[in-house]
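Novice: Here is a sequence with its predicted model. Questions after.
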Amino acid sequence: MSTVLQPAIVNFAPQSHSVELREVPLPEIGADDVLLEVAAVGVCGSDLHQWTAEHSWPVNYPVILGHEFSGRVVKTGANIKSFREGDRVVSETAAVINPESPLARVGRYNLDPSRKGFGYGVDGAMTTHVKVPARCLHHVPKDLPLTTAALTEPCCVAFSAVASNVTVLPGDRVLVLGPGPIGLLCGAIAKLRGAEVAVAGIARDAVRLKLAEELGCEAIDVSDADKWARARDGLGCEGVVDAAGISATLRVAVDVVRPAGWISKVGWGRAPVDFSLDPIVQKNVTLQGSFSHTWAIWERVLVLLASGALDVNKIVGGRWSLSQWETAFETMHSGQIAKALLVVKGD
């Protein structure tokens, strides 16, 4: 019997730009898996970092990229009872975990040291069909388009950073450093919690800063961050979200956060920190790392998306097919848009 092949965007080596469209075998599923026909998949900054070889995490080469995706169930494993053929679903990213680990047992499987995610640890969804453990799946509300639902994952990252891992109270001033997709969504969710929000960037971020305004946030140059943070009483802002993806912005966060405030660090940064962290001690500041998400967060975010309270489509700058992946990557990487979406099957 001949092998069924499908197109896939494959990161095949650790060198820069080692990504190409290849023909790969259709995946075989196990008893606890489902096979999804991919509807759409978002391009994440981490996909771009693997494309340019600027990432700081281990990659299982060769691997199909893509961890922000939605689709329809086309096949189920023998043990699956909660999903059936035709179901519209989205998938979490923790493709491999140890269900017996202490973290998994208390519902923090996202922090399980054995965790491997789609798009770097196992094959992701920048293809036509992807194998997914059924435990990762969530049903998509009937009125929520699959092309919108595909971006549930970055919304969950932002929800974790400003709604689960820290406390934002109505009236707080929250500064977001970095107007990338995650930073923009962090700003939007902080606004939903009643905060005054500013998103800070640099000159090349002009397009993305305009999107921050469309999401109800102030848009400022990072050089004005200190002025904005201290505008109320001179002490700084209650919270800072470091979503810039470079280590240098942590220094800005430490400088502008008020005593007893918090910093939520969600952006990755490979470079070492070359300044003293003593001000965190002196100001009694909480420095909170924020990584990934859990089942309950996904359920809440799907409600926000379905209700329209969180409009993730505002950050989508263009839609491309799988064959146009390179244009999508280049357009997003250049800063011309905040988010690229690859539409495979669509709604």
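Specialist: In hand now; what should we look at? Not measured: the values here are computed from a predicted model. Residues are numbered from 1 along each chain as shown.
Novice: gap between stretch 247-259 and the chain center?
Specialist: 22 Å (CA atoms, centre = their mean, to the nearest Å).
Novice: Now tell me what touches that stretch from outside.
Specialist: By CB atoms under 8 Å, 6 or more residues apart in numbering, the residues outside stretch 247-259 that reach it are 175, 177-178, 200, 222, 225-226, 229-230, 235-240, 242, 263, 265, 267, 269-273, 275, 277, 279-280, 283-285. Quick note: C-beta positions are derived from backbone N, CA and C, even for glycine.
Novice: One more pass at 6 Å, please.
Specialist: 177, 225-226, 229, 235-236, 240, 242, 263, 269, 271, 273, 275, 279, 283-285 (CB atoms under 6 Å, 6 or more residues apart in numbering).
Novice: which residues pair with E20 across the strands?
Specialist: Beta-bridge pairing of E20 under DSSP bridges involves V10.
Novice: any idea how far L65 is from it?
Specialist: E20 sits 11 Å away from L65, going by CB to CB, to the nearest Å.
Novice: more neighbours, the two?
Specialist: Shown here are E20 and L65; by other CB atoms under 10 Å, L65 has more neighbours (29 against 13).
Novice: neighbours around the residue nearest to K191 when sequence neighbours are not counted, how many?
Specialist: Nearest residue to K191, sequence neighbours excluded (CB to CB, 6 or more residues apart in numbering): G216, at 4.8 Å. For G216, the count of nearby residues is 12 (other CB under 10 Å).
Novice: Which of the three states applies to G216?
Specialist: Recorded secondary structure, G216: coil (DSSP: H, G, I helix; E, B strand; the rest coil).
Novice: same question, the one 4 residues further on
Specialist: The three-state label for I220, taken from three-state DSSP, comes out as strand.
Novice: Could you pull up the residues touching L287?
Specialist: 263, 280.
Novice: whoops, L21 was the one
Specialist: Here L21 is in contact with 7, 9 (CB under 6 Å, 6+ apart).
Novice: let's see 7 Å
Specialist: Residues near L21 by CB atoms under 7 Å, 6 or more residues apart in numbering: 7, 9, 322-323, 325.
Novice: buried subset of those?
Specialist: Buried by 16 or more other CB atoms under 10 Å: 7, 9, 322, 325, out of these.
Novice: Which strand or helix spans A260?
Specialist: Taking DSSP states H and E as the criterion, A260 maps to strand 257-265.
Novice: Now that strand: buried residues?
Specialist: 257-258, 261-265.
Novice: Also stretch 56-64?
Specialist: So for stretch 56-64, counting by 16+ other CB under 10 Å, buried means 59, 62-64.
Novice: Also stretch 137-152?
Specialist: Applying a neighbour-count criterion of 16+ other CB under 10 Å, one finds 137-138, 140, 144-152 buried in stretch 137-152.
Novice: low-scoring stretches of this structure, by residue?
Specialist: 1-2 (pLDDT under 70).
Novice: mind checking the SS state of the residue nearest the centre of it?
Specialist: For the chain, P154 is the residue whose C-alpha lies nearest the centre (CA atoms, centre = their mean; 3.0 Å). Three-state call for P154 (three-state DSSP): helix.
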